[in-house]
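Colleague: Provide a 3D model corresponding to the input given below.
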Amino acid sequence: MSDPVISLTNAFIFQTNDTLVLHDVNIDIHNAEFAYLIGKTGSGKSSLLKTLYGELPLREGTGHVASTDLKALNRKSIPLLRRKIGIVFQDFQLLSDRNVMDNLLFVLKATEWKDASKMEKRAKEVLDLVGLSTKDYKMPHELSGGEQQRIVIARALLNEPSVILADEPTGNLDPDVSDDIMKLLHDIADNGTSILMATHDYRIINKFPGSIYNCADNTITKKDRLI
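Modeller: Now for the predicted structure:
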């Protein structure tokens, strides 16, 4: 088996105010695996994800994401990590002053793509992957919540990441739209991109099975099933 795309060993996770939220965390997520991170609000799910994408430092233990050593991260190397991963937020975080295509081109420019024709080609490819190839001219406010989240997923796919970190990506969506997003994310995993998704929606987990990591009592344990 190949090396895990996400690996934490005896990791301690701190919030920005130096409060310890998780200790002795051990996680291995492999290529094309779909994994859920579950737990109550405030249990440490978001802090763990922020540590994995470099927003919070890993101070104790060892950790690697997409072959990047989290303990060795500094301000200059964080952008390099984020080119290897995709991030999907609950609140979309699309740029409201530009259309869908320009939102995607902004990310490509920020990750040092230079060729305008290749940038436009890649943006169109990811829009096609999420089923929104005809929405490239739309402004974010002209899209439904489900369409905005598909654009966010397209944005996360731009640099062909080995893993996508998704923080409550269906939290603001109704069940039918949530199911459409989950089908899309599972298709992405089936095509080789690992997914780690934080959620508290057990309906989704039962309908779309995956590995389960439970945040509780200030640590994380792997579960075979919800109950």
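
Colleague: what helix or strand is the closest residue to Leu22 other than its chain neighbours on?
Modeller: Closest residue to Leu22 apart from its sequence neighbours, by C-beta to C-beta, 6 or more residues apart in numbering: Ile13 at 3.9 Å. Every C-beta, even on glycine, is put in place using the N, C-alpha and C of the backbone. Assigned by DSSP states H and E, Ile13 falls within strand 6-14.

Colleague: contacts for that strand next, please.
Modeller: 20-29, 44, 47-48, 51-52, 56-65, 163, 194, 196 (C-beta atoms under 8 Å, 6 or more residues apart in numbering).

Colleague: of those, buried ones?
Modeller: 21-23, 25, 27-29, 44, 47-48, 51-52, 56, 58, 61, 63-65, 163, 194, 196 (16 or more other C-beta atoms under 10 Å).

Colleague: so which of these sit within helices?
Modeller: Within the buried ones among the contacts of strand 6-14, residues falling in helices by DSSP state H are 47-48, 51-52.

Colleague: out of those residues, who's nearest Asp91?
Modeller: Ranked by distance to Asp91 (C-beta to C-beta), those are led by Ser47 at 17.1 Å.

Colleague: shaky segments in the chain?
Modeller: 1-2, 226-227 (pLDDT under 70).

Colleague: centre-most residue in it?
Modeller: Leu165 (1.8 Å; C-alpha atoms, centre = their mean).

Colleague: quick one: contacts for it?
Modeller: With C-beta under 8 Å, 6+ apart, Leu165 has these contacts: 49, 52-53, 85-88, 196.

Colleague: tell me the two of those that are most distant?
Modeller: Leu52 and Val88 (12.9 Å).

Colleague: which parts of the protein are strands?
Modeller: Using DSSP state E, the strands found in the chain span residues 6-14, 20-29, 34-39, 60-65, 68-69, 85-89, 163-167, 194-198, 211-216, 219-223.

Colleague: would you turn those strands into TSV with distance to Leu184?
Modeller: Output for the strands of the chain, formatted as TSV (distance: least, C-beta to C-beta, whole Å):
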stretch	distance to Leu184
strand 6-14	21
strand 20-29	19
strand 34-39	12
strand 60-65	22
strand 68-69	26
strand 85-89	11
strand 163-167	11
strand 194-198	10
strand 211-216	19
strand 219-223	25
